[in-house]
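**Student:** My questions are about this predicted structure, shown below with the sequence.
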Amino acid sequence: QVQLVESGGGLVQAGDSLTLACTASGRAFSHYAMGWFRQAPGKEREFVATISNTGQTTYYSDAAEGRFTITRDNAKSTGSLQMNSLKPEDTATYYCTAGGISTTHTMIVDYWGQGTQVTVSS
């Protein structure tokens with residue numbers, strides 16, 4: 001079992017940057033790929049980014065590519081999502097995840113965090 005707790009969400013303006021953090025506990029975090037999903041009101045949950053268990057490989061959604069950066073620190077059992085040039089359409093609840101990387105370069109999720117809200121005003 002892996003427990004994931006997100007932090008760092010908040011209200012920002014369009015064009016601002018924000019960094020989300022994820023702290024893991026329980027089973028060895030380093031055994032799992034880590035990732036982020038998001039869900040906007042009235043929309044389905046969608047993949048944002050993932051990083052392999054070693055941190056050597058990353059994949060991003062088209063919406064995140066070039067603006068977001070996912071990192072992890074296995075020694076501290078933490079991960080982060082640096083988000084730059086935020087847009088109102090990035091407004092969503094962001095979830096930290098742990099699992100495996102799929103053949104389509106998204107994630108097969110075994111564990112979910114409870115989410116942190118990001119609101120981007122125009």
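**Tutor:** On my side now, so go ahead.

**Student:** Can you tell me the element the residue nearest to the spatial centre of the chain falls in?
**Tutor:** The chain has Trp36 as the residue nearest its centroid, 2.3 Å off, counting by CA atoms, centre = their mean. Using DSSP states H and E, Trp36 falls within strand 33-39.

**Student:** immediately after that strand, which helix or strand?
**Tutor:** Trace forward from strand 33-39 with DSSP H and E and the next one is strand 46-51.

**Student:** Ser30 - that's part of a helix, no?
**Tutor:** Yes. Counting by DSSP: H, G, I helix; E, B strand; the rest coil, Ser30 falls inside a helix.

**Student:** which parts of the strand holding Trp36 are buried?
**Tutor:** Judged by neighbour count (16 or more other CB atoms under 10 Å), strand 33-39 contains these buried residues: Ala33, Met34, Gly35, Trp36, Phe37, Arg38. No exception for glycine: its C-beta is placed from N, CA and C like everyone else's.

**Student:** Please apply the same query to stretch 112-122.
**Tutor:** Under the neighbour-count criterion of 16+ other CB under 10 Å, stretch 112-122 has Trp112, Gly113, Gly115, Thr116, Val118, Val120 buried.
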